[in-house]
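J.: Any chance you can model this:
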Amino acid sequence: MAQASLETRDVSKIAEPTGNIYESIVVVGKRARQISADIKEELSNKLAEFASSVDNLEEIFENREQIEISRFYERMPKPATSATEEFLDNKVMFRKAEEEE
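T.: Residues are numbered from 1 along each chain as shown. As a prediction, the model looks like this:
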């Protein structure tokens, strides 16, 4: 899994798979959105178990498990970091639009 901390990247390594830094960034951005959507869906499903029709202040402070789940997701690496790692490790499949025609 990718590191959660900030890391300087070599632009030429990012540009290498596509031959163009901007195309590489588009690929990484699209993958980051996919990762973000997956994480959001997973988190929503886990937190839905705790949903109740009646909210009161006591329940908010008592639900430690829900707080721990939220903290776990907050500590995860950002989707852009994970997507960049996957891209540089050749784990992302992509093709150019011209190749489809």
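J.: Let me see the contact set for the spatially most central residue of the chain.
T.: The central residue of the chain, meaning the one whose C-alpha is nearest the mean C-alpha position (Cα atoms, centre = their mean), is P79 at 2.4 Å. The neighbours of P79, taking Cβ atoms under 8 Å, 6 or more residues apart in numbering as the test, are 32-33, 35-36, 39. Any C-beta I mention is one placed from the backbone N, CA and C, and that applies to glycine too.
J.: Of those, which count as buried by neighbour count?
T.: Among these, those buried by neighbour count (16 or more other Cβ atoms under 10 Å) are 32, 35.
J.: picking up where we left off before, return the per-residue confidence for the residue nearest to the centre of the chain.
T.: Listed pLDDT for P79 reads 95.
J.: and if you look at A37?
T.: According to the prediction, A37 has pLDDT 97.
J.: Please apply the same query to R64.
T.: 79.
J.: What are the buried residues along stretch 6-24?
T.: Buried residues in stretch 6-24, counted by 16+ other Cβ under 10 Å: 14, 18, 24.
J.: what sits against the second one?
T.: Contacts here follow Cβ under 8 Å, 6+ apart; on that basis T18 touches 24, 27, 94, 96.
J.: Any chance of CSV for the contacts of P79, columns secondary structure?
T.: As requested, these are arranged in CSV below (DSSP: H, G, I helix; E, B strand; the rest coil):
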residue, secondary structure
A32, helix
R33, helix
I35, helix
S36, helix
I39, helix
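J.: Nearest to T84 among the contacts of P79?
T.: Nearest to T84 among the contacts of P79, counting by Cβ to Cβ, is A32 at 8.0 Å.
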